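Participant: heads up, no residue letters with this:
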RNA sequence: GGUCCCAUCGUCCAGAGGCCUAGGACACAGCCCUUUCAAGGCUGCGACGCGGGUUCGAAUCCCGCUGGGACCGCCA
């Protein structure tokens, strides 16, 4: 079998959105699975809406997702140029040939491909199977007239259905993997392949991604750009994992995986046909699992920006207490928090005492009752979670009617300002005796 | 209006004629652990859209219906 060459061909008219990311991802998966090539081609033939800014935004979105390409406008390759606006002569030459062959004609400044009736333009799709279409079905809207296909616009630019055929052929694309919304374009493209005497590539259409209301994902469903997810605290590994699961599964129960594992297992033939709903709950879960599995230093790098965004003195703490302190703090957070942003919010007290003061004022506590307990705690030699807990328990055992939660909760509030946190003695150990003393004294509990 | 596609728990996926009184995950509910839950453990709720065939046997194959969706641009 010849080399697998696939491409992602976005038009730079907006940021990389969920649907585009999904398509790019599946192309990448297929290329990597087959040790083939993943090509990035920019379809910037819409002069009005295309911009260079969007082009680079899309590229950095792909980089963020971990989708690296082997040929593209930035890195070149043997089949360039990879920007359609730089391939105009190519499109014109072939259009000219079609005109000479009588398969296309001029109308105004444009060149139009003639659609002949009675032609079978069916094709076999790797995902959807046999799709039967006759050229007679290519009608104009609300009319029974056959619709010819514009291939060169009056402004001299090629149209999508035409340029895609020229490029896919010249770039030796083996599999055209794209959204299901292109199924009805495929027969038109097949007509052009035939007119040029070219062999058609394999086609694999991917199910659409829908919003919760089962309508095509759009702005009104909230975040649609990949970057918005990054800013919400979702990690690239999770987005990758989540997107890969929309319309595909390895067939077993494994749902949390890395890029390499997915590439290893991926099969186009296992792609689903049914449109999939984008489910935030599942994304949250997957992100949480990845967040849990991260090495401490990487987890810190994910959470850090959100601490900084919240105005916390992260750099300062790193230099005074050391980076390891913050890494340990996040390790202690275990699976608490579904996004890096949530984890940052839930753990701010490790970075600074300020937010604790804002959240709690020790108003409702009985200081006289609590002080002996805290004094006892601080009198203990070793500042170790297991020992602190042990002496706390024995102290409580010796005091009639005393309950652990009546002491542990005030401690939790004084140290974290939260009603929820990791085991409070472990928090105390990590924070250190002096910092704990400072916080308790501030609240008059010591 | 025309062409095409789709149809299993609320959601994402298993299921490729008997392994299915349909499996897993998320979500949800309840219980447990416990100094708290946003961590951990356990249990539960919950689906083959409907109607016809084919077959000894259908979630799986065929037809119809219904319900969704995509496309029908000198946008991609």
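Facilitator: Sure thing, it's come through. Here the structure is a predicted model, which is why all the values come from computation and not from measurement.
Participant: only C-alpha atoms for contact and neighbour calcs from this point on.
Facilitator: Noted.
Participant: what does the stretch 51-200 of chain A have sitting close to RNA strand B?
Facilitator: A:107-110, A:128-134, A:137-143, A:147, A:149-150, A:152-155, A:157-161, A:180-185 (C-alpha under 7 Å from any atom of the strand).
Participant: so what's residue A:136 scoring on pLDDT?
Facilitator: The pLDDT attached to residue A:136 in the predicted structure is 87.
Participant: Tell me the spatial nearest neighbour of it, not counting adjacent residues.
Facilitator: residue A:117 (5.1 Å; C-alpha to C-alpha, 6 or more residues apart in numbering).
Participant: And what about that neighbour, helix, strand or coil?
Facilitator: Secondary structure assignment for residue A:117 (DSSP: H, G, I helix; E, B strand; the rest coil): coil.
Participant: How much space separates it from residue A:147?
Facilitator: Residue A:117 sits 10 Å away from residue A:147, taking C-alpha to C-alpha, to the nearest Å as the criterion.
Participant: who has more neighbours, the two?
Facilitator: Neighbour count, other C-alpha atoms under 10 Å: between residue A:117 and residue A:147, residue A:147 has more, with 18 against 12.
Participant: ok, that one touching residue A:139?
Facilitator: Yes - using C-alpha atoms under 8 Å, residue A:147 is in contact with residue A:139, at 5.2 Å.
Participant: Just after the biggest helix by length in chain A, pick out the following helix or strand.
Facilitator: In chain A, assigned by DSSP state H, the helix with the most residues is helix A:18-33. Once helix A:18-33 ends, the next helix or strand along the chain (criterion: DSSP states H and E) is strand A:37-40.
Participant: Could you pull out the buried residues of whatever helix or strand comes next after that following strand?
Facilitator: Remark: after strand A:37-40, the chain's next helix or strand is helix A:52-65, criterion DSSP H and E. Burial within helix A:52-65, assessed by neighbour count using 16 or more other C-alpha atoms under 10 Å, is assigned to A:54-55, A:57-62, A:64-65.
Participant: what residues does the stretch 201-350 of chain A put near RNA strand B?
Facilitator: Counting by C-alpha under 7 Å from any atom of the strand, the residues of the stretch 201-350 of chain A close to RNA strand B are A:208, A:212, A:214-216, A:245-253, A:255, A:270-279, A:281-282, A:284-285, A:334-337, A:343, A:346-347.
Participant: which residues of chain A fall in strands?
Facilitator: Counting by DSSP state E, chain A has strands at residues A:5-8, A:37-40, A:104-107, A:110-113, A:123-125, A:129-131, A:149-152, A:175-179, A:202-206, A:209-210, A:276-277.
Participant: Residue A:376: which of the ones you listed is closest?
Facilitator: strand A:276-277 (56.0 Å; C-alpha to C-alpha).
Participant: What pairs with the closest one, parallel or antiparallel?
Facilitator: Paired neighbours of strand A:276-277 in the sheet (DSSP bridges): strand A:209-210 (parallel).
Participant: what residues does the strand it pairs with touch?
Facilitator: A:19, A:216-217, A:246, A:275-278 (C-alpha atoms under 8 Å, 6 or more residues apart in numbering).
Participant: Any part of the longest helix of chain A near RNA strand B?
Facilitator: No - Helix A:18-33 is not in contact with RNA strand B by C-alpha under 7 Å from any atom of the strand; minimum separation 10.0 Å.
Participant: ok and that helix relative to helix A:52-65, angle-wise?
Facilitator: Counting by axes from the mean of the first three to the mean of the last three C-alpha atoms, to 10 degrees, helix A:18-33 lies at 50 degrees to helix A:52-65.
Participant: now what about helix A:18-33, what contacts it?
Facilitator: Outside helix A:18-33, the residues within contact range by C-alpha under 8 Å, 6+ apart are A:4-8, A:10, A:36-38, A:62, A:67-69, A:177-179, A:206, A:208-209, A:217, A:224-226, A:240, A:243-244, A:262-268.
Participant: Please repeat the previous calculation with a cut-off of 6 Å.
Facilitator: Outside helix A:18-33, the residues that touch it by C-alpha atoms under 6 Å, 6 or more residues apart in numbering are A:8, A:37-38, A:178, A:224-226, A:243, A:263-264.
Participant: can you check stretch A:399-415 too?
Facilitator: Residues from elsewhere that reach stretch A:399-415, judged by C-alpha under 6 Å, 6+ apart: A:396, A:424.
Participant: what about that stretch, average pLDDT?
Facilitator: Stretch A:399-415 carries an average pLDDT of 92.
Participant: Residue A:49: how many residues sit nearby?
Facilitator: Using other C-alpha under 10 Å, residue A:49 has 12 other residues around it.
Participant: hmm, back to that, dump the strands of chain A into JSON lines; add mean pLDDT and mean neighbour count as well.
Facilitator: Below are the strands of chain A laid out as JSON lines (pLDDT from 0 to 100; neighbours: other C-alpha atoms under 10 Å):
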{"stretch": "strand A:5-8", "mean pLDDT": "98", "mean neighbour count": "25"}
{"stretch": "strand A:37-40", "mean pLDDT": "98", "mean neighbour count": "24"}
{"stretch": "strand A:104-107", "mean pLDDT": "92", "mean neighbour count": "17"}
{"stretch": "strand A:110-113", "mean pLDDT": "94", "mean neighbour count": "21"}
{"stretch": "strand A:123-125", "mean pLDDT": "94", "mean neighbour count": "16"}
{"stretch": "strand A:129-131", "mean pLDDT": "93", "mean neighbour count": "13"}
{"stretch": "strand A:149-152", "mean pLDDT": "94", "mean neighbour count": "22"}
{"stretch": "strand A:175-179", "mean pLDDT": "97", "mean neighbour count": "22"}
{"stretch": "strand A:202-206", "mean pLDDT": "97", "mean neighbour count": "22"}
{"stretch": "strand A:209-210", "mean pLDDT": "92", "mean neighbour count": "21"}
{"stretch": "strand A:276-277", "mean pLDDT": "94", "mean neighbour count": "18"}
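Participant: Serialize those to CSV and add fields for distance to residue A:233.
Facilitator: Shown next, in CSV, are those (distance: least, C-alpha to C-alpha, whole Å):
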stretch, distance to residue A:233
strand A:5-8, 26
strand A:37-40, 27
strand A:104-107, 52
strand A:110-113, 48
strand A:123-125, 37
strand A:129-131, 39
strand A:149-152, 43
strand A:175-179, 27
strand A:202-206, 27
strand A:209-210, 21
strand A:276-277, 21
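Participant: That's all I had, so thanks and see you.
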